[in-house]
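Visitor: Below are the sequence and a predicted model for it; my questions follow.
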Amino acid sequence: MAPKVRTLVLAACLLTLAGSAVAAGLTPGQVGASLRAKGAKQTIGDLWNSEEWSAVEDGISSGDSAWIALAPELAPGSDAATAEGLGISLAFALPRNPAAVLAAIDMRGGHILGVGRVCGLPFIEDTEPKGYRAEVLSALSRVNSPRLRERKQSCLRTFQAALDFSDSGDVLTDVQPIPLKPGVNPVSDLSTERQDGVIVQAVHQDSDTADGTSIQFLVLVQGAGGWQTVDVRGSPLARVGQELIRAIPHAGEDWKRTVTFARAKINGTPAFVMLVAERDMSKVKTVYDPVPVDLLIYRLQPDVVAEQDHLVLVDKRRSTACYQNAWLALKDMTGVPLPADYEGPAAAAPCPK
């Protein structure tokens with residue numbers, strides 16, 4: 001069954017409070033035993049083939065702690081169809097059992113159970129339950145465990161960012177960063193016509209100072225007439241014909257601007273996006289001062305007249321917290337995991353008065 005159809009069926013079951021897991025006779029203990037004996041992939045395959053996978057999703061969605069605890073064990077064995085259901089099931093459970101859901105979230109930013117997925121309103125079309133947003137905020141406010149404090153704050157920030165996007169008309173979900181390294185990075189199905197492309201990453205040194213170093217990106221798409229550059233529309237970020245895009249690491253622990261390319265969904269539709277997090281340095285006394293961060297979302301879109309793709313600015317949001325490093329703001333606002341070599345602060349800071 002297609003993931004979209006499965007999700008709609010799941011939502012209908014929840015809204016009518018159907019106890020599919022109980023009706024099917026499947027228990028979390030049975031699933032746990034299968035996981036220990038066969039592993040996640042085989043367990044999920046068996047449940048799917050026996051048409052019992054929906055009982056697992058319904059059990060997790062119900063908020064039952066034993067079912068929720070199975071989600072991280074199931075995630076490594078999931079495929080495209082079952083992975084979407086796992087994340088959405090945890091989202092359904094969030095207002096019912098917030099402590100258990102927070103404990104199950106993947107804080108490394110995985111695309112299945114990452115905070116950006118579970119706390120980011122991942123519902124498809126009209127499957128979000130009535131009153132869900134207020135219930136989530138109320139439920140999270142009641143979580144007081146010190147062990148879950150960081151997870152709670154991360155979830156709240158991600159949830160608030162999702163609300164902001166929703167209020168603006170756009171909902172960003174399922175953000176999966178494209179890993180890059182210095183040099184030429186091939187990217188399959190990059191363009192709007194599913195043509196392959198490359199992202200070139202290079203370091204540029206204007207001077208020996210921290211501000212003199214930038215990381216530059218160039219996006220290329222292989223079209224029918226050969227390689228074409230992808231320019232940036234509505235942006236102060238590009239240079240040289242609006243094609244080179246600059247990230248500004250400064251000293252490393254205090255990134256001013258980050259640039260991340262990712263596959264994501266905007267309003268449920270798959271998209272290739274560029275996410276830019278930029279610290280507002282207009283009123284700082286020192287570069288290390290915590291400041292608000294602007295998140296700019298660019299979507300790859302075609303220009304029918306020019307027969308060329310462009311990265312077009314589709315949304316801009318400002319953080320409610322203040323940051324000394326733009327990477328941390330990106331993580332809190334979208335769920336994108338921090339780089340492996342991240343050296344900045346562990347949490348947002350109070351905004352200067």
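Guide: Happy to help now that I have it.

Visitor: The helix or strand hosting Q153 packs against which elements?
Guide: Using DSSP states H and E, Q153 falls within helix 149-168. In terms of contacts (3 or more CB pairs under 8 Å, 6 or more residues apart in numbering; DSSP states H and E), helix 149-168 is packed against helix 98-104, helix 115-118, helix 132-141, strand 172-177, strand 308-318, helix 326-334. C-beta coordinates here come from the backbone N, C-alpha and C atoms, glycine included.

Visitor: Apply 10 Å and report the result again.
Guide: Using 3 or more CB pairs under 10 Å, 6 or more residues apart in numbering; DSSP states H and E, the elements in contact with helix 149-168 are helix 98-104, helix 115-118, helix 132-141, strand 172-177, strand 293-303, strand 308-318, helix 326-334.

Visitor: Turn the ones you listed into TSV, including mean neighbour count, distance to G59 and mean pLDDT.
Guide: Formatted as TSV, the helices and strands packed on helix 149-168 follow (neighbours: other CB atoms under 10 Å; distance: least, CB to CB, whole Å; pLDDT from 0 to 100):
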stretch	mean neighbour count	distance to G59	mean pLDDT
helix 98-104	23	12	96
helix 115-118	29	16	85
helix 132-141	16	19	92
strand 172-177	23	23	86
strand 293-303	20	35	86
strand 308-318	18	35	83
helix 326-334	27	29	91
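
Visitor: Turn those into a markdown table, columns for distance to G344.
Guide: Formatted as a markdown table, those follow (distance: least, CB to CB, whole Å):
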| stretch | distance to G344 |
| --- | --- |
| helix 98-104 | 23 |
| helix 115-118 | 18 |
| helix 132-141 | 25 |
| strand 172-177 | 17 |
| strand 293-303 | 12 |
| strand 308-318 | 19 |
| helix 326-334 | 6 |
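
Visitor: Out of these, flag the one nearest V187.
Guide: strand 293-303 (10.8 Å; CB to CB).

Visitor: Just the C-alpha atoms of that closest one, please, in CSV.
Guide: In CSV, the C-alpha atoms belonging to strand 293-303 read as follows (Å, rounded to 0.1, in the frame of the first residue of the first chain):
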residue,chain,number,x,y,z
VAL,A,293,19.1,33.9,13.4
ASP,A,294,17.2,34.2,10.1
LEU,A,295,16.3,30.9,8.3
LEU,A,296,16.0,31.3,4.6
ILE,A,297,14.4,28.5,2.6
TYR,A,298,15.1,28.2,-1.1
ARG,A,299,13.4,25.7,-3.4
LEU,A,300,14.6,24.5,-6.8
GLN,A,301,12.1,25.6,-9.3
PRO,A,302,12.0,25.7,-13.1
ASP,A,303,11.9,28.8,-15.2
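
Visitor: how far off helix 326-334 does it point, in degrees?
Guide: Here strand 293-303 runs at an angle of 70 degrees relative to helix 326-334 (axes from the mean of the first three to the mean of the last three CA atoms, to 10 degrees).

Visitor: contacting residues for I105?
Guide: By CB atoms under 10 Å, 6 or more residues apart in numbering, I105 lies in contact with 71-72, 87, 90, 94, 113-119, 148, 151, 154-155, 158, 335.
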